[in-house]
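Enquirer: What follows is a predicted structure for the sequence shown.
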Amino acid sequence: MAEKLKVFTFPCNENDIKAIESWLEDLAAEGYLIDKSLPAGIIHFSEQDPVQVRYCLLFTPDYKHKQEITAHEQNMIDEQVSAGWEYIVKYGKYLIFMTESMEIAKPVQDFYAAVKDAKKEQKKWYKKDFALCVLLLVAFLLNFGRLTLIDMVLPFSILVHFALLVVIAKENKKLEAKIASGTYATQKADWKADVGRYKMMNAFGIGSFVILLIGVIALFYVRIIL
């Protein structure tokens, strides 16, 4: 059986469990099912005949343990397997399950949990970006009068990243409002509506990181080595 390796970024809010489930189900209908042979950060899709399946994502507060399955997570897995779900893989902050049955009920879960966790992480990034801005400001003051293009690239990259954090915060607020509507858990999400916006956000996120990395390396080389 032919296999295809694809590296995906989520085409929707990574905290929108229903949207991710719908995305994965649509991929299965196109003939791509999640395999479990590669580590977190990469989803291995095996190419098969199109099939109708249902996915279930459970947020795990132990996701920072990466691929290691904690005792709490094993209990979550055992509970869902006994209910008829097939455990597939731990990916990012989720345990992913699948079934071909249309009858097995999905577990009741707190859909706010992933958003709340994202808010905590976002506060940490705000602090990191602020600290970097302060350090760069001090560096600029010390080198005022001989600033180079490299010196201007770094703050630009950080500002882009900070702007992305603000946009993501707004997206999470929209998601919270959607969950609060009371129909979120029972409706199939339209992940395709957000594809263009999230492709652009991912591109800016990757771009800002690359620019920052290049800028730091170049600054180190110009200021210290030369």
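Expert: Structure received. Numbering: from 1, shown residues only.
Enquirer: Which phi and psi values does Tyr94 adopt?
Expert: With angles defined as degrees, to the nearest 10, Tyr94 shows backbone torsions of phi -130, psi 150.
Enquirer: Tell me the confidence at Gln171?
Expert: That one is not Gln; residue 171 is Glu. Taken from the predicted model, the pLDDT recorded for Glu171 is 89.
Enquirer: correction: Phe111
Expert: If you check Phe111, the pLDDT there is 92.
Enquirer: give me the number of residues near it?
Expert: 19 (other Cβ atoms under 10 Å). C-beta here means a position set from N, CA and C on the backbone, and glycine is covered the same way.
Enquirer: Excluding chain neighbours, what is closest to it?
Expert: Taking Cβ to Cβ, 6 or more residues apart in numbering as the measure, Phe111 lies nearest to Ile179, with 4.9 Å between them; neighbours along the chain are not counted.
Enquirer: Any figure for the gap between that neighbour and Lys66?
Expert: Per Cβ to Cβ, to the nearest Å, Ile179 is found 27 Å from Lys66.
Enquirer: who's more crowded, those two?
Expert: Legend: neighbour count by other Cβ under 10 Å for Ile179 and Lys66, higher for Ile179 (19 against 11).
Enquirer: Confirm that the more buried one lies within a strand, as I assumed.
Expert: No: remark: Ile179 does not belong to a strand; assigned using DSSP: H, G, I helix; E, B strand; the rest coil, it is helix.
Enquirer: Domain-wise, how is the protein divided?
Expert: Annotated domains of the chain cover 3-99, 112-225 [automatic domain parsing].
Enquirer: Lowest average confidence across those, which one?
Expert: Ranked on mean pLDDT, the bottom entry among those is domain 112-225, at a mean of 78.
Enquirer: okay, the domains of the chain, which one's buried deepest?
Expert: Ranked by average neighbour count under the criterion mean count of other Cβ atoms under 10 Å, the domains of the chain are headed by domain 3-99 at a mean of 17.
Enquirer: Off-centre distance for that domain?
Expert: Centroid displacement of domain 3-99 relative to its chain, using Cα atoms, centre = their mean, to the nearest Å, is 13 Å.
Enquirer: Hmm, the residue nearest to Phe111 is touching Asp110, no?
Expert: No: between Ile179 and Asp110 there is no contact under Cβ atoms under 8 Å: 9.5 Å.
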